[in-house]
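Asker: My questions are about this predicted structure, shown below with the sequence.
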Amino acid sequence: MSLADPRPLLFGLYEQACIGNGSGAVSLWTHPADERLTATGMRYWIDLARRAEEAEFDLFFFGDVLGMYDTYRGSEATAVEWGVELPAQDPLLHIPALAAVTERIAFGATVSTTYEHPFAHARRFSTLDHLTAGRIAWNIVTSYLPGAAANFGLDVLAHDQRYDRADEFLDVVYKLWEHSWSDDAFVGSKETGLFAHPDRVRRVDHVGEHFRVAGPHLSIPSPQRTPVLIQAGWSPRGREFAARHAELIFVGDSDPVAVREGLAGIRARAAEIGRDPSEIRAVVGMNLVVAPTRIAVQEKLDGFQSHYSSEAQLAAYAGWGGVDFSQYADDEPLIKQSTTHTQTKETRADAPVLTAGDVRRRFGAVTAFADDRFIGTPGEVADNIGRFVEESGVDGFLLHQFVSPGSLEDFATLLAPELRSRGLYGGFPTEGTLRSRLRSDRRDRLPADHPAVSGVR
């Protein structure tokens, strides 16, 4: 995307229904300005959702996990000590309450295809789509934690096998959402006493390798039928999955050239499948540290650092990639491993070999996950965002908070005015379903070229 492109950027807030938020520095719940210790109660979330809507954010996005981070030092002890992505509450239960106290902002929720059943999942998201008037999106994940598999009494599936299961999961929910009820099946006429036409409600009778589902779907067609489909996998198999299914991609890279090339590959593959590649949008994470002066920025970073635990961050990173760094000396090269976890620099065959000391030094600073582009004065960060959009072609950003709600407030009061002055903030549609806001044609429903509608695999 170029700045001359009329499509406005999407801005969202990344959250998890926990105290030790894994989107940034997980230990900063200890910072005196952070309010996440109250995140087990509803008041915290209502306040945060209202703040996000007042800041004119477009999306409130929930990540999620289904197990503890138990790779580091061979147990979950460090994760429990520091609350790494704990307590992992169910974000789906938060959304109806937050939708009830907001009018415009949309909600994205992460749900795994590996440990859910498609019939129950389809019912929940149809319910959410009705309750939010079409303000709902599903972030499709396949889950990488071995502990999550153990929690469901299962063996963890290999990386690509999880995507094979996900493909069938999507086939089933598409049949339920898109094909079980005709658009004119529901009547709801008090005059005639007809609730729905029986001949326009169909079973799906899916029989596959992983699932057997009879149907019909239990919900009447919701505003979007299928929730907006978000996908965050950046591996080769994940990109193939995104090309087939995704409407919004959560990009797994921070290098703008790599992002542009990756998105070009996904969109080219989508075109081969028969989809319109221009309707696939992409957002990237933004860990923001902004203050009026460079001195104030450094003071803020110093304050974060004083409440930062590198051990907590190493426990999180070890869980993501499946490599226990505690087993290596500082000068010892990390052996390339094929894990069932996400593919990080330590596991990808095409990445440079690192030592354990390289990783420990990286995670010695609170900015380990922060891109320097998003650290600075409002003018500096706004300029950098403009350049990043030009270089990468992304369509928006998800804010990751260092402290909550302080990082969101810094965005709203310091950065947003600078972005507006450059034409980089505001203008994203505020009415209608989330899909209608994302799409050029303002459609509520998936287009005919999407596999959910066409049935093409």
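Answerer: Now that the structure is in, tell me what you want to look at.
Asker: Going by residue numbers, what spans are helices in the stretch 301-450 of the chain?
Answerer: 310-321, 356-362, 378-392, 406-410, 416-421, 434-438 (DSSP state H, counting those that start in this stretch).
Asker: Which of those helices sits closest to residue 72?
Answerer: helix 310-321 (3.9 Å; Cβ to Cβ). The C-beta positions use only the backbone N, C-alpha and C, and glycine is treated the same way.
Asker: What mean pLDDT does that closest one get?
Answerer: Across helix 310-321, pLDDT averages out at 88.
Asker: what's the answer for stretch 114-126, then?
Answerer: Across stretch 114-126, the average pLDDT comes to 97.
Asker: and what of stretch 229-236?
Answerer: The model assigns stretch 229-236 a mean pLDDT of 90.
Asker: cool, and stretch 89-99?
Answerer: For stretch 89-99, the mean pLDDT works out to 97.
Asker: distance between the ends of that stretch?
Answerer: 18 Å (Cα to Cα, to the nearest Å).
Asker: Touching that stretch from outside, list them.
Answerer: By Cβ atoms under 8 Å, 6 or more residues apart in numbering, the residues outside stretch 89-99 that reach it are 15-18, 40, 42, 45-46, 49, 60, 62, 64, 107, 109-111, 124, 128, 131-132, 135-136.
Asker: ok, residue 179 - how many residues close by?
Answerer: 17 (other Cβ atoms under 10 Å).
Asker: how about it, what does it touch?
Answerer: Residue 179 neighbours (Cβ under 8 Å, 6+ apart): 202, 204, 455.
Asker: mind checking the SS state of residue 268?
Answerer: helix (DSSP: H, G, I helix; E, B strand; the rest coil).
Asker: Take the contacts of residue 179 and lay them out in TSV including secondary structure and pLDDT.
Answerer: Listed next are the contacts of residue 179 as TSV, based on DSSP: H, G, I helix; E, B strand; the rest coil; pLDDT from 0 to 100:
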residue	secondary structure	pLDDT
202	coil	97
204	coil	97
455	coil	74
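Asker: Just the buried residues of those residues.
Answerer: Among these, those scoring as buried are 202, 204 (criterion: 16 or more other Cβ atoms under 10 Å).
Asker: Compile the contacts of residue 179 into JSON lines and extend it with columns for distance to residue 400.
Answerer: Formatted as JSON lines, the contacts of residue 179 follow (distance: Cβ to Cβ, whole Å):
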{"residue": "202", "distance to residue 400": "43"}
{"residue": "204", "distance to residue 400": "38"}
{"residue": "455", "distance to residue 400": "37"}
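Asker: Of the contacts of residue 179, which is the nearest to residue 423?
Answerer: residue 455 (40.8 Å).
Asker: Helix or strand: which one has the closest residue to residue 13 other than its chain neighbours?
Answerer: Residue nearest to residue 13 in three dimensions, not counting chain neighbours: residue 52, with 4.9 Å by Cβ to Cβ, 6 or more residues apart in numbering. Assessed by DSSP states H and E, residue 52 sits inside helix 42-54.
Asker: Give me the contact list for the following helix or strand past that helix.
Answerer: Next along the chain after helix 42-54, taking DSSP H and E as the criterion, comes strand 59-63. Contacts of strand 59-63 with the rest of the structure, by Cβ under 8 Å, 6+ apart, involve 10-17, 22-23, 49, 52, 91, 94-95, 98, 105-110, 137, 139, 230, 398, 434.
Asker: What pairs with strand 59-63, parallel or antiparallel?
Answerer: Strand partners for strand 59-63, identified by DSSP bridges, are recorded as strand 10-16 (parallel), strand 106-112 (parallel).
Asker: Would you mind saying which of the ones you listed lies nearest residue 438?
Answerer: Of all these, strand 10-16 sits nearest to residue 438, with 7.5 Å by Cβ to Cβ.
Asker: Figure out how far that closest one is from the centre of its chain.
Answerer: With Cα atoms, centre = their mean, to the nearest Å as the basis, strand 10-16 stands 8 Å off its chain's centre.
Asker: what does stretch 238-255 give?
Answerer: For stretch 238-255, the gap between its own C-alpha mean and the chain's C-alpha mean amounts to 11 Å (Cα atoms, centre = their mean).
Asker: what about dumping the CA coordinates of that stretch to CSV?
Answerer: This file holds the C-alpha atoms of stretch 238-255, laid out as CSV (Å, rounded to 0.1, in the frame of the first residue of the first chain):
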residue,chain,number,x,y,z
GLY,A,238,0.9,-20.9,7.4
ARG,A,239,1.1,-18.7,4.3
GLU,A,240,-0.6,-21.3,2.1
PHE,A,241,-3.4,-21.4,4.7
ALA,A,242,-3.6,-17.6,4.7
ALA,A,243,-3.8,-17.5,0.9
ARG,A,244,-6.8,-19.8,1.0
HIS,A,245,-8.7,-18.5,4.0
ALA,A,246,-7.5,-15.2,5.5
GLU,A,247,-9.1,-11.8,5.1
LEU,A,248,-6.8,-10.1,7.5
ILE,A,249,-3.2,-11.3,8.2
PHE,A,250,-1.4,-10.6,11.4
VAL,A,251,2.1,-10.4,10.0
GLY,A,252,4.8,-12.5,11.7
ASP,A,253,7.8,-10.3,10.8
SER,A,254,9.1,-6.8,11.5
ASP,A,255,11.4,-6.3,8.5
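Asker: Which positions in that stretch come out as buried?
Answerer: Under 16+ other Cβ under 10 Å, the buried positions of stretch 238-255 are 238-252, 254.
Asker: Okay, and which of those residues map to strands?
Answerer: If you go by DSSP state E, those have 248, 249, 250 in strands.
Asker: now, which of the residues you listed sits nearest residue 80?
Answerer: residue 250 (27.4 Å).
Asker: ok, that closest one to residue 259 distance?
Answerer: Separation of residue 250 from residue 259 (Cβ to Cβ, to the nearest Å): 11 Å.
Asker: so what sits against both of these two?
Answerer: Both residue 250 and residue 259 are contacted by 282, 284, under the criterion Cβ under 8 Å, 6+ apart.
Asker: Next, the contact list for the residue nearest to residue 13, please.
Answerer: 13, 60, 105, 408.
Asker: From residue 408, how far off is it?
Answerer: Taking Cβ to Cβ, one finds residue 52 at 7 Å from residue 408.
Asker: again, but for residue 263
Answerer: 27 Å.
Asker: Looking at those two, which one has more neighbours?
Answerer: Ranked by neighbour count (other Cβ under 10 Å), residue 263 and residue 408 place residue 263 first, with 24 against 21.
Asker: Next, count neighbours for the residue lying closest to residue 73 once chain neighbours are set aside.
Answerer: In this structure, residue 73 finds its nearest non-sequential neighbour in residue 326, 4.7 Å apart by Cβ to Cβ, 6+ apart. Residue 326 is flanked by 16 other residues according to other Cβ under 10 Å.
Asker: mind checking how far residue 326 is from residue 69?
Answerer: In terms of Cβ to Cβ, residue 326 sits 13 Å off from residue 69.
Asker: any residues in contact with both of the two?
Answerer: The contact lists of residue 326 and residue 69 share residue 318, where a contact means Cβ under 8 Å, 6+ apart.
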